[in-house]
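Asker: Let's see this in three dimensions:
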Amino acid sequence: MPDLTPEAALKLTLHHINLATENVEKMERFYRDVLQLERETQGLPTLEKTKGYAGAVSFVTDGAIQTHIAEKDVLAGFRTGQLVNPVSRGHIAYRTDDLAAFKAHLEAQGVPYADWGHAAVAGWSQIFFYDPDGNVIEVHEVSDP
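Answerer: Next up, the predicted model:
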(Lines give C-alpha, C1' and ligand atoms only; values in the text may rest on other atoms or scores of the structure.)
Protein backbone atom coordinates (compact mmCIF):
# COMPACT_ATOMS: atom_id res chain seq x y z
CA MET A 1 0.00 0.00 0.00
CA PRO A 2 1.35 3.44 -0.83
CA ASP A 3 1.98 5.83 2.04
CA LEU A 4 -0.11 8.95 2.26
CA THR A 5 1.72 12.23 1.94
CA PRO A 6 1.54 14.43 5.07
CA GLU A 7 -0.88 16.73 3.23
CA ALA A 8 -3.17 13.80 2.45
CA ALA A 9 -2.91 12.08 5.85
CA LEU A 10 -6.31 11.31 7.32
CA LYS A 11 -6.94 11.60 11.03
CA LEU A 12 -8.84 8.72 12.60
CA THR A 13 -9.46 8.32 16.31
CA LEU A 14 -10.72 5.15 17.96
CA HIS A 15 -14.29 5.87 19.02
CA HIS A 16 -15.85 2.56 20.04
CA ILE A 17 -15.80 -1.18 19.83
CA ASN A 18 -19.10 -2.88 19.03
CA LEU A 19 -19.80 -6.36 20.32
CA ALA A 20 -22.73 -8.31 18.87
CA THR A 21 -24.58 -10.58 21.27
CA GLU A 22 -27.75 -12.59 21.72
CA ASN A 23 -28.15 -11.22 25.28
CA VAL A 24 -27.40 -7.50 25.72
CA GLU A 25 -28.31 -7.43 29.42
CA LYS A 26 -26.02 -10.36 30.30
CA MET A 27 -23.13 -8.88 28.32
CA GLU A 28 -23.56 -5.44 29.90
CA ARG A 29 -23.59 -7.01 33.36
CA PHE A 30 -20.35 -8.87 32.54
CA TYR A 31 -18.55 -5.76 31.27
CA ARG A 32 -19.75 -3.70 34.22
CA ASP A 33 -19.16 -6.31 36.96
CA VAL A 34 -16.05 -8.11 35.72
CA LEU A 35 -14.25 -5.35 33.82
CA GLN A 36 -15.70 -2.60 36.03
CA LEU A 37 -16.70 -0.42 33.09
CA GLU A 38 -19.27 2.29 33.74
CA ARG A 39 -22.59 2.75 31.98
CA GLU A 40 -22.06 5.50 29.40
CA THR A 41 -24.50 8.39 29.79
CA GLN A 42 -22.97 11.16 27.67
CA GLY A 43 -22.32 11.49 23.97
CA LEU A 44 -24.62 8.62 23.08
CA PRO A 45 -25.79 8.24 19.50
CA THR A 46 -29.46 8.52 18.62
CA LEU A 47 -30.32 5.15 17.12
CA GLU A 48 -32.53 5.05 14.03
CA LYS A 49 -34.77 2.13 15.06
CA THR A 50 -37.01 2.34 11.97
CA LYS A 51 -34.38 2.13 9.22
CA GLY A 52 -33.32 -1.52 9.32
CA TYR A 53 -31.85 -2.22 12.77
CA ALA A 54 -34.09 -2.11 15.82
CA GLY A 55 -32.01 -4.22 18.20
CA ALA A 56 -31.27 -3.40 21.83
CA VAL A 57 -27.98 -1.59 22.47
CA SER A 58 -26.18 -0.83 25.73
CA PHE A 59 -23.24 1.54 26.13
CA VAL A 60 -20.36 1.15 28.61
CA THR A 61 -17.03 2.94 28.85
CA ASP A 62 -13.64 2.91 30.51
CA GLY A 63 -13.83 6.72 30.56
CA ALA A 64 -12.13 7.15 27.19
CA ILE A 65 -13.42 4.55 24.72
CA GLN A 66 -17.00 3.34 24.46
CA THR A 67 -18.06 -0.28 24.09
CA HIS A 68 -21.39 -0.66 22.28
CA ILE A 69 -23.10 -3.93 23.18
CA ALA A 70 -25.57 -4.56 20.38
CA GLU A 71 -28.18 -7.23 19.87
CA LYS A 72 -26.94 -9.51 17.09
CA ASP A 73 -28.96 -9.16 13.88
CA VAL A 74 -27.76 -11.23 10.93
CA LEU A 75 -30.42 -9.72 8.65
CA ALA A 76 -29.69 -6.00 9.20
CA GLY A 77 -27.63 -5.84 6.01
CA PHE A 78 -30.46 -7.31 3.96
CA ARG A 79 -33.05 -4.94 5.43
CA THR A 80 -30.87 -1.89 4.68
CA GLY A 81 -29.65 -3.10 1.29
CA GLN A 82 -26.01 -3.08 2.46
CA LEU A 83 -23.33 -5.67 1.76
CA VAL A 84 -21.55 -5.17 5.10
CA ASN A 85 -23.53 -5.97 8.26
CA PRO A 86 -21.97 -4.33 11.35
CA VAL A 87 -24.21 -6.14 13.86
CA SER A 88 -23.74 -9.76 12.82
CA ARG A 89 -20.33 -10.13 14.51
CA GLY A 90 -19.56 -6.65 15.79
CA HIS A 91 -16.98 -4.12 14.63
CA ILE A 92 -14.34 -1.58 15.60
CA ALA A 93 -15.18 2.06 14.90
CA TYR A 94 -13.10 5.13 14.15
CA ARG A 95 -14.25 8.75 13.92
CA THR A 96 -13.03 11.17 11.25
CA ASP A 97 -13.73 14.79 10.46
CA ASP A 98 -13.57 14.19 6.69
CA LEU A 99 -15.46 11.08 5.63
CA ALA A 100 -15.48 12.08 1.96
CA ALA A 101 -11.68 12.16 1.92
CA PHE A 102 -11.53 8.81 3.69
CA LYS A 103 -13.91 7.25 1.16
CA ALA A 104 -11.70 8.58 -1.65
CA HIS A 105 -8.71 7.03 0.13
CA LEU A 106 -10.45 3.63 0.32
CA GLU A 107 -11.35 3.86 -3.36
CA ALA A 108 -7.73 4.66 -4.24
CA GLN A 109 -6.66 1.62 -2.20
CA GLY A 110 -9.23 -0.60 -3.93
CA VAL A 111 -11.15 -1.28 -0.71
CA PRO A 112 -14.92 -1.63 -1.24
CA TYR A 113 -17.20 -0.24 1.45
CA ALA A 114 -20.87 -0.09 2.35
CA ASP A 115 -22.18 3.46 2.78
CA TRP A 116 -24.86 3.34 5.48
CA GLY A 117 -25.20 7.13 5.54
CA HIS A 118 -27.56 7.97 8.42
CA ALA A 119 -29.47 4.65 8.34
CA ALA A 120 -28.32 3.48 11.78
CA VAL A 121 -27.45 6.61 13.78
CA ALA A 122 -28.98 10.06 13.46
CA GLY A 123 -26.28 12.67 12.94
CA TRP A 124 -23.56 10.19 12.01
CA SER A 125 -22.61 9.36 8.44
CA GLN A 126 -21.18 5.83 8.53
CA ILE A 127 -19.32 3.50 6.21
CA PHE A 128 -18.34 -0.10 6.90
CA PHE A 129 -15.74 -2.31 5.25
CA TYR A 130 -13.78 -5.50 5.88
CA ASP A 131 -10.15 -5.94 6.83
CA PRO A 132 -8.24 -8.81 5.13
CA ASP A 133 -9.51 -11.34 7.73
CA GLY A 134 -13.16 -10.31 7.44
CA ASN A 135 -13.38 -8.14 10.56
CA VAL A 136 -15.79 -5.21 10.12
CA ILE A 137 -14.43 -1.68 10.45
CA GLU A 138 -16.61 1.40 10.75
CA VAL A 139 -15.51 4.94 9.98
CA HIS A 140 -17.99 7.69 10.75
CA GLU A 141 -18.28 11.43 10.74
CA VAL A 142 -20.61 13.46 12.94
CA SER A 143 -22.80 15.39 10.52
CA ASP A 144 -26.33 16.61 9.95
CA PRO A 145 -28.79 13.91 8.84
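Asker: use CA for all of it now, contacts and neighbours both
Answerer: OK.
Asker: mind listing the helices for this structure?
Answerer: 24-33, 76-80, 99-109 (DSSP state H).
Asker: tell me which residues in stretch 135-142 are buried?
Answerer: Across stretch 135-142, burial judged by 16 or more other Cα atoms under 10 Å covers Val136, Ile137, Glu138, Val139, His140, Glu141, Val142.
Asker: Adjacent strands (with direction) for the worst-scoring helix or strand of the chain on mean pLDDT?
Answerer: None of the helices or strands of the chain scores lower by mean pLDDT, DSSP states H and E than strand 46-47, at a mean of 77. Strand 46-47 has these partner strands in its sheet, going by DSSP bridges: strand 121-122 (antiparallel).
Asker: Please work out the average pLDDT along the strand it pairs with.
Answerer: The pLDDT scores in strand 121-122 average 80.
Asker: that older thread, and the least confident helix or strand of the chain, how far out from the chain's middle?
Answerer: Taking Cα atoms, centre = their mean, to the nearest Å, one finds the center of strand 46-47 at 12 Å from the center of the full chain.
Asker: what's next to it, contact-wise?
Answerer: With Cα atoms under 8 Å, 6 or more residues apart in numbering as the test, strand 46-47 has contacts from Ala120, Val121, Ala122, Gly123.
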